[in-house]
Structures are given as C-alpha cells and as structure tokens.
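Undergrad: sequence and predicted structure below; questions after.
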2 protein chains.
Amino acid sequence: MQVVILAGGSGTRFWPLSRRAHPKQLLAMEGERSLLQSTLDRLDPLVPPADVWVCTTRTLAADVRRQLPTVPGDQVLAEPTGRDTAAAIGWSLRSIPASARSQVAAVLPADHRVGDPEAFRRALASAAEVAERDRRVMTLGVRPHRPETGYGHLELGETLDAELGVRRVARFVEKPDAERAQRFFAGGQHLWNAGIFVFPTEVMLGHLARFEPELAAGLEAIEESPGQIGELYPELKKISIDYAVMERLDDLGTLPLDCGWSDLGSWKSLAEELPADADGNVVRGDVVAIDARDNLLLAEEGTVAVVGVEGLVVVRTADSVLVVPKDRAQEVKSVVDALREAGRDDRL
Amino acid sequence: MQVVILAGGSGTRFWPLSRRAHPKQLLAMEGERSLLQSTLDRLDPLVPPADVWVCTTRTLAADVRRQLPTVPGDQVLAEPTGRDTAAAIGWSLRSIPASARSQVAAVLPADHRVGDPEAFRRALASAAEVAERDRRVMTLGVRPHRPETGYGHLELGETLDAELGVRRVARFVEKPDAERAQRFFAGGQHLWNAGIFVFPTEVMLGHLARFEPELAAGLEAIEESPGQIGELYPELKKISIDYAVMERLDDLGTLPLDCGWSDLGSWKSLAEELPADADGNVVRGDVVAIDARDNLLLAEEGTVAVVGVEGLVVVRTADSVLVVPKDRAQEVKSVVDALREAGRDDRL
C-alpha cells in the first residue's frame, strides 16, 4: 500500500501557536511529535516510510522533510500553490512510479489525532483489502460519539460485506444543523467524513479522468513536463476530492472507524482530547492557575498565570497571547483576519 | 517647604508588570512618566526638586536617581532594609540640613495618581500654611466619591479654620466593612486617609521623640554615625507613622482633597482611572479586541488578542501573562505568593 499524506494546510485556528510558516500539522499538540510525525508514526508497521508520499506547499516543504527524515526527500511534493485536494491527490498519485501504481493507495490528512493507532491500522488494512478485492474506493468514516455540527456526514446504505462491516455510502451530507446532527447521532446511520480514503491507484485516476477530464489532463501534462509545474499547477481546477469524485460515486464503500479520532479543529476540540487536571484544566508549559476551572492554559514560552477564570483558552507564545472562551474558540479566525487586514505579517 | 517622597514600596499588585526590581512607583501607568516622576512633576512650581527628598531602598536607589535627575543625588536616601513609614519619615527629616529644619515638610507617597495637580498644589499649600501658623500636623484627606472598604478613614471633628475648611481629625477608622463604608459615604463626615501629611519638621521630630523615644534615639544615632547605618537601621522599630504618631495626636488637622486622587491599588482601580474606548476597554500597546467589553488589555511587549471576553484584566509582559477578572484583581497576590513558594525568582 502506498500512502499519500496531505500536509498543505495553512490553518489559522490554532493562532497564535500556528502561523503561516508553522501550521497546525507541523506542531506538537501533545507530547514531542508533531501531528504530521504522528501521522507517519501510526502507519508503522503497516506502511513503511519508503511507501509514503507527502503533499505540502513550497513554503513548508523544507520543514516537512526535516520532520520526516525517513521519508525519501523526493516523495515530499511541494505544490507551487494550493489547488485543493483533488489536484493534490491527483498529482501525488501520478508521482507514484509506474511499478507501484497497481497497488492500493490511502489518502490521510496530516493534522488529525488518533487515540488508538492499532484500531486505526486495523481499519485501514481492512479498507485496503476491500478496495483491492472490489476495485472500489473506500472511505473510513468515524463513528459519532456525540451530535456534531462541525463535520460532513456519510449516510450509510446497503451492506456490502457483512463480515467486515462494509456499507455503501448512500450519500454525503453537508455539516448538519443541531437538530439534524442530533437525529443523525440517535439514528446510528451516519458516520463523520474524516477525509480518509483508500482505493486502487489506477481506479482513482480513472475516476478523476472521467469526472474531471480537464484536471486530469492538466495533471498528465505536469507528469510529462515536470519542469513546467510552476506554470501548470496554478492553472489546475481548484476543487475538493469530495466534490470532484467521492460525492459522484455510486459504489463508494465505507468502514466505520473507532479509534479516538479528532480533527483537532479548534482550541476547544484540542482541550477535549488532552488530559485535564483535577480542576478540569488542560495545562502545558509554565502555568500558574489559581481557583481556575476547565481552562486550556498553554505557555509555549514564558509564564501564563490565571486567577478565578473558567472555560477560557489562554495561549501564550513568544510574541503573542490569545484569550477566548472555549465555546468561542472558532472565532480566533477573526483575530487572524484583523491582523491580516492590519498588515501584521509579523504575527501571521 | 521641604518634601519627602516615600518610594520604598515593593508592591506586587501590578504583577507581572511590577517586579521586585521594578515596583509600581517606577512604572509609567499612563503616558510616559512613572508614578514617581509624576509625583515630582506635580510639585512644580510649588516645590523645586532641590527641596525634595526621596526615601527608597538600596535595590531601587540607582533607578530612582536615574528617573529623577533634577533631585540632588544625596537627597535620594537608600534604606538598608524597609522599617515601615515612621523610620523612613524620621530618617528623611533628620537628613534635612539644620538650616531647613525650621521649615514645613510634606510627606507624599510615590505611587498615587492625581488627576488635578493644580487642586492638589492648592490643598498642599493651604495645609502648609495652617501647619506653619498653628505648629500643627496636618493631613490631606481625600473626599470620598464612593463607598470604599479599601482605605482607612478619617472621622472629621470640630472646625479649626472655617475659612480654609480645616477640621480636627476626631479619630482614625480602619478599613470599614461595606455597611460602614456606605454609612461613612452617606454621612459626609469621613475622608480617606491618603498618607499625605504636612507639618513643621521640628514638631514632627518632637512627636516622634515623645511617642517613640526608642525609635527617635535610633534615628539620632544614625544621624551622628551615618557610616553605621547598615547596622543601625535594621534595628529601628518597625511601625507605621499612623500608629507611631498620627493616631495618637489630639490636634491633628485635616483639609479635604478633591483632586482626582487614586492610590492605584490594583489593576481594577487602574482600569477605573484610565480612559476607555467605546466598548469600555482600556487598551495599551499592541492589542486586538474582538467583541470584548470592559476589559483592561495591556501589552507591554508582544500582542494581546482577546475575543468575546468581558471584565477581564489581561496583561502581557516580555516573560509572562496574567488573566484575572477585574473584580478579583486583588488576588494577583496569590500568583506572586505561588511563584515565591516555587522559588521562581526569575518571575518576581
């Protein structure tokens, strides 16, 4: 199996820790290893680094290679500019040498958390088995453990393999409102779309050629004239793999994933994943917390001291500090927008 | 008139901005001048720097001289160790040369705010006039503009000078509880004790000798053998001037002070004194505030970003950040205590 890790994200939801030159996937959110490194780590022993491809941006490529010294340097692909996931996956698959294109490939995001790597590998191996056997595109859908309005959902269809638990994906459902999310959760017929796909490489390239012939032609031109990627890549159609392929398939299969998955989409979701102390505070770095409850307190550099606060995110870096209620953690985006509008490149 | 400025405080209530080596009186809380410099500034033109004495600690003396270049260097007195205000005032008065001891002297704290310096000078000049005429110790009491449990109060007695508005101080009242504070405020017969005194120098030295003969003898020994101050000063009785003298006087006079006074006793009281923006935020330095109300947001170094918070104090310095609700700002003391117990001298 070949693995493509998508590591081009420039997320701002972990500002001030995440920056343009140091986005979420390159950060160690728990322990010492970055999310990207952990993504590679959890493939072992299923997939060795020699069979891993990482698609990132020119800005980040050097850091990615530094973080992943066991992945061959030319398998870290640097997009001249971001063109969304269909282009990134297509280019990555076309970078796989002909000798390995008959294999199954998996696509993984670089910035998610998996609490149970063994369960993750089992599901990935099963999905690869089905993908190869059925010549089918498979997706790993996360089994919901709460109602969730933040993720797209996969509606489960007929059973394709009763023994392995493979179901057809009846349809993709965009992020639901609270009421629908509650219904989905109660009904047990929906999974979260985690952006994890497994498929025979040639099958996916065939789907791309069929559904997005222009994009496929562009990718072929790049494969033929790799020296011209700087001109050709920015012209590729910007479309997600969901829109380009996944939502158009009538034989997409899915396997439910129960592996302590989180997309770590915000400071709040990070706080929910990390262990808290007796007062409910998740603490990292040099922190003094007095009569404080249920906060995320993170000192990357220097000291964070709080007294009498509850439910807050307080993150201190060498040059900035963010204070926001956990329940409004998504709004850190407004801070980044304000800094961008003010031309504060030194803080982005 | 000679003026003694008491600048030995090591207050921790403005942590992380105030530190042992850089206490409140040396900080610029508004504008460019420190509270100590502003204390000197507001004496002009009533008292020139040549007639000002500053009593501080050995740790702070060099910084005090640097901040007050117009005050003669040998009039910045450096206590070997703090022995409370009676010793500091007694030593300062005994440092005034014999030729000036016939004059009136005023004692002023170094770390208060005065919104109307002209009104302050008028009151100080009137108090000096009465002190000289009556050979009386005078105090300037702040006329309350709210019930206040944080200050000692002066209860007003008989009228001593109807024209100038001088009243006898009937008694000192320790910090009252909320109910008494409300009664004092409503009754109009109490002033706040601001620690501002004016008296004929010889009269005050006489009171010290009468009420605290041991302390007075110690001070005399220091005057006779200034080279031995390092051994003698630490032996002086540690007592406040209020306990040593003021509360024991039956002819203490007072003049009410209406000059926008604040002792800036906490981050909260600072926030109340400084101008706020349309959202009620008091902002200093590089701050991004989004949907935030009634906060004190202070970035001494780096960027402070807040979203959706209300009534908070957020102070960021080069090495620390403090987050505390305004109404609990007094509890910053707990942070300082915790740091002290943890041996964190680098943050004190």
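TA: That came in fine, so what should we check first? Predicted model only: the values in this text are computed from it and were never measured.
Undergrad: got a list of what A:L274 touches?
TA: A:29-30, A:282, A:284, A:296 (Cβ atoms under 8 Å, 6 or more residues apart in numbering or on different chains). Where you see a C-beta, it was placed from the backbone N, CA and C, and this is true even at glycine.
Undergrad: same check, this time on A:G141
TA: Per Cβ under 8 Å, 6+ apart, neighbours of A:G141: A:154, A:169, A:191-194, A:254-257.
Undergrad: of these, closest to chain B?
TA: Set against chain B, the nearest of the contacts of A:G141 by Cβ to the nearest Cβ is A:W192 (26.5 Å).
Undergrad: verify the stated contact: the closest one with A:E155.
TA: No. A:W192 is beyond contact range of A:E155, at 11.6 Å (criterion: Cβ atoms under 8 Å).
Undergrad: higher neighbour count, the two?
TA: For A:W192 versus A:E155, neighbours defined as other Cβ atoms under 10 Å in any protein chain shown are more numerous around A:W192 (22 against 18).
Undergrad: Three-state assignment for the more buried one, please.
TA: strand (DSSP: H, G, I helix; E, B strand; the rest coil).
Undergrad: and the residue of the stretch 51-200 of chain A found nearest chain B, how far is that from A:E301?
TA: Nearest to chain B in the stretch 51-200 of chain A, going by Cβ to the nearest Cβ, is A:G150, at a distance of 18.0 Å. According to Cβ to Cβ, to the nearest Å, A:G150 and A:E301 sit 30 Å apart.
Undergrad: wait, the residue of the stretch 51-200 of chain A closest to chain B touches A:P176, no?
TA: No. Contact criterion Cβ under 8 Å: A:G150 and A:P176 do not qualify, at 9.7 Å.
Undergrad: give me the more crowded residue out of these two.
TA: A:P176 (20 against 13).
Undergrad: neighbouring contacts of the helix ranked longest in chain A?
TA: Secondary structure of chain A read by DSSP state H shows that its longest helix is helix A:117-134. By Cβ under 8 Å, 6+ apart, the surrounding residues in contact with helix A:117-134 are A:1, A:41-43, A:46, A:104, A:106, A:114, A:136-140, A:160-161, A:164, A:166, A:196, A:198-200, A:203, A:253, A:255-261.
Undergrad: what mean pLDDT does that helix get?
TA: Across helix A:117-134, the average pLDDT comes to 98.
Undergrad: in that helix, what counts as buried?
TA: Neighbour-count burial for helix A:117-134 flags A:117, A:120-124, A:126-132, A:134 (criterion: 16 or more other Cβ atoms under 10 Å in any protein chain shown).
Undergrad: same question for stretch A:57-69.
TA: A:57, A:60-61, A:63-65, A:67-68.
Undergrad: now render the residues you listed as CSV, adding secondary structure.
TA: Shown next, in CSV, are the buried residues of stretch A:57-69 (three-state DSSP):
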residue, secondary structure
A:T57, strand
A:L60, helix
A:A61, helix
A:D63, helix
A:V64, helix
A:R65, helix
A:Q67, helix
A:L68, coil
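Undergrad: as CSV, the residues you listed with pLDDT would be great.
TA: Putting these into CSV (pLDDT from 0 to 100) gives the following:
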residue, pLDDT
A:T57, 96
A:L60, 96
A:A61, 97
A:D63, 97
A:V64, 98
A:R65, 98
A:Q67, 98
A:L68, 98
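Undergrad: list just the nearest of the residues you listed to B:A216.
TA: The closest of the buried residues of stretch A:57-69 to B:A216 turns out to be A:D63 (Cβ to Cβ; 71.1 Å).
Undergrad: for the contacts of A:G141, give me CSV that also has pLDDT.
TA: What follows is these, written out as CSV (pLDDT from 0 to 100):
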residue, pLDDT
A:L154, 97
A:V169, 98
A:L191, 98
A:W192, 97
A:N193, 96
A:A194, 96
A:T254, 98
A:L255, 97
A:P256, 96
A:L257, 96
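Undergrad: dump those residues to TSV, plus distance to chain B.
TA: Converted to TSV, the contacts of A:G141 look like this (distance: Cβ to the nearest Cβ, whole Å):
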residue	distance to chain B
A:L154	32
A:V169	37
A:L191	32
A:W192	26
A:N193	28
A:A194	28
A:T254	37
A:L255	39
A:P256	36
A:L257	33
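Undergrad: give me the pLDDT value at A:S269.
TA: 92.
Undergrad: same thing with A:V54?
TA: At A:V54, pLDDT is 98.
Undergrad: quickly list what it is bridged to.
TA: A:V54 has these beta-bridge partners by DSSP bridges: A:I5, A:V76.
Undergrad: these two touch, right, it and A:I5?
TA: Yes. Look at A:V54 against A:I5 with Cβ under 8 Å: they come within range, at 4.7 Å.
Undergrad: for stretch A:235-248, buried residues please.
TA: Here stretch A:235-248 shows A:236, A:239-242, A:244-246 as buried, counting by 16+ other Cβ under 10 Å.
Undergrad: now do stretch A:140-158
TA: A:140-142, A:144, A:148, A:151-157.
Undergrad: kindly report the residues of the stretch 151-300 of chain A close to chain B.
TA: The stretch 151-300 of chain A comes close to chain B at residues A:288, A:290-291, as judged by Cβ under 8 Å from any Cβ of the partner chain.
Undergrad: give me the subset of the residues you listed that lies in strands.
TA: A:288, A:290 (DSSP state E).
Undergrad: report the central residue of chain A.
TA: A:P109 (3.0 Å; Cα atoms, centre = their mean).
Undergrad: give me the number of residues near the nearest residue to that one once chain neighbours are set aside?
TA: Leaving aside its chain neighbours, A:P109 sits nearest to A:G195 (5.0 Å; criterion: Cβ to Cβ, 6 or more residues apart in numbering or on different chains). Neighbour count for A:G195, taken as other Cβ under 10 Å: 20.
Undergrad: residue ranges of the helices in the stretch 51-200 of chain A, please?
TA: Ranges of helices within the stretch 51-200 of chain A are A:58-67, A:84-95, A:117-134, A:178-187, based on DSSP state H, counting those that start in this stretch.
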